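In: coordinates only, no sequence provided:
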DNA sequence: GGTATTATCTTGACGATGTCAAGATTAGCG
DNA sequence: CGCTAATCTTGACATCGTCAAGATAATACC
C-alpha cells in the first residue's frame, strides 16, 4: 500500500483472508466484496480480476474452510494412530471446535452458502476429500466393532449428520440450560456420540487435553 | 393503489407471506424488504411501520416457519395416537419434508438466520413450544422402549440433531449417489433413525402413504 | 534488450438495497 | 366532530454488486 506497488502480488489470498477476518468479526451479514478490497488496500473493483462475482469469493472462503478442517482432522488422525475410537471422538470434536470458534466461517463452509457448488471444482474436490476421510474412519470403526456394520456411506451419513446437527443446535442456542449446566460441550458431544456407538462411551475416558 | 385504500389493512401478514413467496422462488439471496413491499403493493418504506428492520421481518418469517412445523407435527401426532414409534418416524419425516419442499424457508427457520433470537419473544415462544413437543415425544418413546433411557433433553438433542443434520446434508447434495440410487429419501431417514432406536426399524414397515 | 500481449488494478458509473426524516392520509377514541 | 396515534408515501443518503474504459505493470516473444 505504501510504496509504488501497483500490483498487490498476492491479492487473491489477501482477499480470502480478509473475508475470513470479516466473517470472524462481523458475521455473514457483514461480508462484502468492497470491504475485503478495503482491507486488502486495493480499489473496490480490484477483486473482479480474481473472482467472477461475490459467489466465487464465498466459494473460495468455503474451500479454505474445508482446508482448515482437513488440516485439523489429519493432525488428529496422526496423533492417535491405530485407535479408531479415539480418532472418531477427536475428529468429531475438531469439527465441533471449528463450529464454535469460527461460527460464521463454519456456516459458510458447511451450510450451503454456495448456491451452485458444482461450478467450483476446487470446492468439490475438498468436500469430497473430507467426506472420504470420514468414511474411511467410519470403516475402521466398523472393523473395530465401534460402529454398527452396514453400508459405510449410510453410517457416515448418520455420524456426520449427528455431529453437524449438534453443532447447529449449539450455535443457535437451542441446547437447553439443563444440559449445558451439567456437562461441558465436549462431554455433551461424547454423550451424543454414545447413542450411535456399540461400546458405551464415558466422557471421563476422553479428557479435554490429550493425554499423549 | 387502485381504489382508495391508503391503508392496506393487513400489511404485516401480507409482507410475511410475500417474504415466504420470495424465499420459495428466489431463495434467501433474493429476499429484500423492498421486494416484499412491491409484492404487497405498498411503497418501499411502508414495512418500517411494522418491522423495525430487515432482521425483524426475517424473525417473523422464521416464526411462521415454526408455526408451519407445529401444525404438521400436531397433525401427525393426532393421526397416530398411542403409537410413539410411528409418531417418531412421521414427525421426523414431516421435518424432512418441510426442509425438502421449502429449503429456503426451512433454512431461515432452523439454521440461525436470525442473529439475536432472544430479541423476538414470539420466536422464542414458538421454538420452545416445538422443542417441548419433540421432548415429550422422546419421553413417550423412552417409556415404550423405543429410545434409550437417560436424560430426555440429551436424547432429544441427539434425535433432533440427527434429523437436522440429515436434512442439511440432503439439501447440500452431500449425500452420495450410492445411497440415493438405492433408497428413497424416506427410506434413508428411517435407516438413519434406526441407528438410534432400540428396536430395529425396517423401512418396509413405514410405507410412504399412511395406511390409516 | 525491446516491444507486444496479457494480467492486474483504478476510476467512474448504474441500479438495487437498507434505513431514516418529513409529510400526507386515515383509523380510532374522546 | 376534532384530536391523536397509527399507517403509508415521498425523497434522500450511504453502501453494495457489477460493468465499462482506461492506466499500469508483468510476461512472452523476437
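Out: Perfect, I can see it now. Being a predicted model, the structure only gives us computed values, none of them experimental.

In: what residues sit buried inside stretch A:90-106?
Out: Buried positions in stretch A:90-106, judged by neighbour count with 16 or more other CB atoms under 10 Å in any protein chain shown: A:90-99, A:102-106. Placement of C-beta: from N, CA and C, glycine included.

In: who's in contact with that stretch?
Out: Contacts of stretch A:90-106 from elsewhere in the structure, counted by CB atoms under 8 Å, 6 or more residues apart in numbering or on different chains, are A:20, A:23-24, A:27-28, A:31, A:61, A:65, A:68-69, A:72-73, A:76-77, A:79-80, A:110, A:134, A:137, A:159, A:163-164, A:166-167, A:170-171, A:185-186, A:189, A:193, A:210.

In: list just the nearest of the buried residues of stretch A:90-106 to residue B:175.
Out: Distance to residue B:175, by CB to CB, is smallest for residue A:95 among these, at 17.5 Å.

In: next SSE downstream of the lengthiest helix in chain A?
Out: For chain A, the longest helix by residue count, based on DSSP state H, is helix A:54-79. Moving toward the C-terminus from helix A:54-79, the first helix or strand encountered (DSSP states H and E) is helix A:84-101.

In: give me phi/psi at residue A:194?
Out: Residue A:194 has phi and psi values of phi -60, psi -30 when expressed as degrees, to the nearest 10.

In: can you say which helix or strand has residue A:175 in it?
Out: For residue A:175, there is no enclosing helix or strand under DSSP H and E.

In: and residue A:126, by the same measure?
Out: Here residue A:126, judged by DSSP H and E, is contained in helix A:121-143.

In: list the contacts of that helix.
Out: With CB under 8 Å, 6+ apart as the criterion, helix A:121-143 contacts A:59-60, A:62-63, A:66-67, A:69-70, A:73-74, A:77, A:84-85, A:87-88, A:91, A:114, A:117-118, A:147-150, A:152-153, A:155-156, A:159-160, B:174, B:176.

In: buried among those? Need that as a selection in ChimeraX.
Out: For the buried members of the contacts of helix A:121-143, the matching ChimeraX selection, counting by 16+ other CB under 10 Å, is:
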select /A:59,60,62,63,66,69,73,77,84,85,87,88,91,114,117,147,152,153,155,156,159,160 /B:174,176
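
In: just to revisit the earlier point, widest-spaced pair of the buried residues of stretch A:90-106?
Out: Within the buried residues of stretch A:90-106, two members stand farthest from each other by CB to CB: A:90 and A:104, at 23.9 Å.

In: pLDDT weak spots in chain A?
Out: A:1-4, A:6, A:210-212 (pLDDT under 70).

In: what does it have sitting close to DNA strand D?
Out: Residues of chain A found near DNA strand D (CB under 7 Å from any atom of the strand) are A:4, A:6-7, A:31-35, A:44-45, A:48, A:52-55.

In: by neighbours, which of the residues you listed wins?
Out: residue A:31 (22 neighbours; other CB atoms under 10 Å in any protein chain shown).

In: now do the SS call for the closest residue to that residue other than its chain neighbours.
Out: Once its chain neighbours are removed from consideration, residue A:31 has its nearest residue in residue A:22; the separation is 5.1 Å (CB to CB, 6 or more residues apart in numbering or on different chains). Reducing the assignment to helix, strand or coil with DSSP: H, G, I helix; E, B strand; the rest coil, the entry for residue A:22 is helix.

In: surely residue A:22 touches residue A:37?
Out: No: between residue A:22 and residue A:37 there is no contact under CB atoms under 8 Å: 11.3 Å.

In: what is in contact with the two at once?
Out: If you check residue A:22 and residue A:37 against CB under 8 Å, 6+ apart, no residue is contacted by both.

In: and the closest residue to residue A:23 other than its chain neighbours, how far from residue B:83?
Out: On the basis of CB to CB, 6+ apart, the spatially nearest residue to residue A:23 that is not a chain neighbour turns out to be residue A:104, at 3.9 Å. Distance of residue A:104 to residue B:83, computed by CB to CB, to the nearest Å: 42 Å.

In: same question, residue A:89
Out: Applying CB to CB, one obtains 36 Å for the distance of residue A:89 from residue B:83.

In: higher neighbour count, those two?
Out: With neighbours defined as other CB under 10 Å, residue A:89 and residue B:83 compare such that residue A:89 has more, 22 against 15.

In: report the contact partners of that one.
Out: Residue A:89 neighbours (CB under 8 Å, 6+ apart): A:189, A:190, A:193, A:201, A:206.

In: list the ones among these that fall in helices.
Out: When those are checked against helices (DSSP H), the matches are A:189, A:190, A:193.

In: make JSON lines out of those and add neighbour count.
Out: Converted to JSON lines, the ones in helices among the contacts of residue A:89 look like this (neighbours: other CB atoms under 10 Å in any protein chain shown):
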{"residue": "A:189", "neighbour count": "25"}
{"residue": "A:190", "neighbour count": "21"}
{"residue": "A:193", "neighbour count": "23"}
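
In: which of these sits closest to residue A:16?
Out: Out of these, the one with the shortest distance to residue A:16 is residue A:189. That distance is 29.4 Å, counting by CB to CB.

In: against residue A:83, how distant is that closest one?
Out: Residue A:189 sits 17 Å away from residue A:83, going by CB to CB.

In: got it, and residue A:75?
Out: If you go by CB to CB, the gap between residue A:75 and residue A:83 works out to 14 Å.

In: how about the residues of chain A near DNA strand C?
Out: A:6-9, A:11, A:37, A:42-46, A:48-50.

In: dump those to CSV, plus secondary structure and distance to residue B:197.
Out: Written out in CSV, the entries for the residues of chain A next to DNA strand C read as follows (DSSP: H, G, I helix; E, B strand; the rest coil; distance: CB to CB, whole Å):
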residue, secondary structure, distance to residue B:197
A:6, coil, 64
A:7, coil, 61
A:8, coil, 56
A:9, coil, 57
A:11, helix, 53
A:37, helix, 52
A:42, coil, 56
A:43, coil, 58
A:44, coil, 55
A:45, coil, 56
A:46, helix, 55
A:48, helix, 52
A:49, helix, 54
A:50, coil, 50
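
In: those: which two are farthest apart?
Out: Checked with CB to CB, those reach their widest spread between A:9 and A:44, with 19.0 Å between them.

In: what parts of chain A come near chain B?
Out: Counting by CB under 8 Å from any CB of the partner chain, chain A comes close to chain B at A:27, A:29, A:107, A:110-112, A:115, A:117, A:127, A:131, A:148, A:151, A:153-155, A:157-158, A:160-166, A:168-169, A:171-176, A:178-179, A:188, A:191-192, A:195-196.
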